[in-house]
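K.L.:
coordinates only, sequence not included:
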Ligand SMILES: Nc1ncnc2c1ncn2[C@@H]1O[C@H](COP(=O)(O)OP(=O)(O)OP(=O)(O)O)[C@@H](O)[C@H]1O
């Protein structure tokens, strides 16, 4: 299938020539509608990779292409969710979810005349993630898990072709996290956006992804890819099978090896 996201030999250095080399020789390709997880040692450049793909930072070297276009400014085709829900405290949950519609074209233009339809869409998404009835509440009235569900809705409301998730469930307890895996899988199966998920949780990566990419320690590059063979929809019970656990163990071993490997000379 034609790639939707292509990263060619990218390097990223923060803070000028003497600064931190976060990525070097990083290449990857993600097909349209594919769900890819990126794992790797702490500080290896996973979040940096996300910033480059979404156009929040320019690469120091190399090219990033999304949907056939080189990324030179922040992408409007991307929905994003991070470890902290970052909901605006003065807006209701419904208004938070609808925020991207006020920014991203063509929705921005249509919002005034088609507000009722957009609002119905937002309410539908909130229902899908189990948040029916909290539309008028303020973020601080919701638990962390509920806020993260709402932020997932906000990332999806403008029907992004690309969903970029950077540790979206990292701050949640394991039960809430597992609930949200199922929600995310359901949303992905229904809408099929291309997803890149950064996570430290290898069970999460194997449960959700079609392919898990493992990065080296900094400066990060992709050192391996693991195809996940389990059929969908995946059940939580899948995570207790020996096949699943063997994949998680193999990824853990890869990350341990990557962590122990010396940084390349000149990486500092
Ligand atoms: N804005 C910045 N300015 C300077 N250095 C930065 C900046 N952002 C990240 N770095 C450095 O770049 C390297 C990669 O950081 P990044 O956050 O991309 O790694 P990560 O793999 O996402 O980390 P973690 O797994 O701990 O979340 C780190 O050494 C980090 O300190």
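P.N.:
All right, it came through fine. All values reported here derive from a predicted model rather than from experimental measurement.
K.L.:
tell me, how many neighbours does residue 124 end up with?
P.N.:
12 (other CB atoms under 10 Å). In short, each C-beta sits where N, CA and C put it, glycine included.
K.L.:
Surely it forms part of a helix?
P.N.:
Yes. If the criterion is DSSP: H, G, I helix; E, B strand; the rest coil, then residue 124 is within a helix.
K.L.:
Flag every buried residue along the helix or strand that contains residue 52.
P.N.:
Secondary-structure assignment from DSSP states H and E places residue 52 in helix 46-53. In terms of neighbour count (16 or more other CB atoms under 10 Å), helix 46-53 has its buried residues at 46-53.
K.L.:
Which ones among the residues you listed also lie next to the ligand?
P.N.:
Filtering those for neighbours of the ligand using CB under 6 Å from any ligand atom leaves 46-48.
K.L.:
Pull up the gap between residue 143 and residue 150, please.
P.N.:
In this view, residue 143 and residue 150 are 11 Å apart by CB to CB, to the nearest Å.
K.L.:
hang on, I meant residue 49
P.N.:
Plainly put, residue 49 is 26 Å away from residue 150 if you go by CB to CB.
K.L.:
So which bits of this structure are right by the ligand?
P.N.:
So the chain meets the ligand at 14-15, 20, 22, 42-48, 218 (CB under 6 Å from any ligand atom).
K.L.:
Let's have the residues you listed in CSV, adding distance to residue 36.
P.N.:
Output for the residues of the chain next to the ligand, formatted as CSV (distance: CB to CB, whole Å):
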residue, distance to residue 36
14, 24
15, 29
20, 25
22, 19
42, 20
43, 20
44, 16
45, 16
46, 12
47, 15
48, 16
218, 20
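K.L.:
Now the buried members of those residues.
P.N.:
Counted by 16+ other CB under 10 Å, these give 22, 44-48, 218 as buried.
K.L.:
Any regions of the stretch 151-268 of the chain where pLDDT drops low?
P.N.:
Applying pLDDT under 70 to the stretch 151-268 of the chain flags the ranges 262-268.
K.L.:
give me that answer again for 90
P.N.:
Applying pLDDT under 90 to the stretch 151-268 of the chain flags the ranges 152, 155-156, 158-160, 168-173, 175-177, 179-180, 183, 187, 190-191, 256-268.
K.L.:
how about the residue in it that the ligand sits nearest to, phi and psi?
P.N.:
Proximity to the ligand, evaluated over the stretch 151-268 of the chain using CB to the nearest ligand atom, is greatest for residue 218 at 5.5 Å. Main-chain dihedrals, residue 218, degrees, to the nearest 10: phi -60, psi 140.
K.L.:
what sits up against stretch 113-128?
P.N.:
Contact partners of stretch 113-128, identified using CB atoms under 8 Å, 6 or more residues apart in numbering, comprise 93-94, 97-98, 101, 107, 110-111, 132, 134-135, 149-150, 153, 156-157, 183, 186-187, 190.
K.L.:
Between the two ends of stretch 154-164, how far is it?
P.N.:
Start-to-end span of stretch 154-164 (CA to CA, to the nearest Å) is 12 Å.
K.L.:
chain center to that stretch: distance?
P.N.:
Here stretch 154-164 is found 10 Å from its chain centre; the criterion is CA atoms, centre = their mean, to the nearest Å.
K.L.:
buried ones in that stretch?
P.N.:
154-158, 160-164.
K.L.:
and if you look at stretch 139-150?
P.N.:
Within stretch 139-150, the residues that qualify as buried are 139, 142, 145-150, counting by 16+ other CB under 10 Å.
K.L.:
Make JSON lines from these and add pLDDT and secondary structure to it.
P.N.:
What follows is the buried residues of stretch 139-150, written out as JSON lines (pLDDT from 0 to 100; DSSP: H, G, I helix; E, B strand; the rest coil):
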{"residue": "139", "pLDDT": "95", "secondary structure": "helix"}
{"residue": "142", "pLDDT": "94", "secondary structure": "coil"}
{"residue": "145", "pLDDT": "87", "secondary structure": "helix"}
{"residue": "146", "pLDDT": "91", "secondary structure": "helix"}
{"residue": "147", "pLDDT": "92", "secondary structure": "helix"}
{"residue": "148", "pLDDT": "88", "secondary structure": "helix"}
{"residue": "149", "pLDDT": "89", "secondary structure": "helix"}
{"residue": "150", "pLDDT": "93", "secondary structure": "helix"}
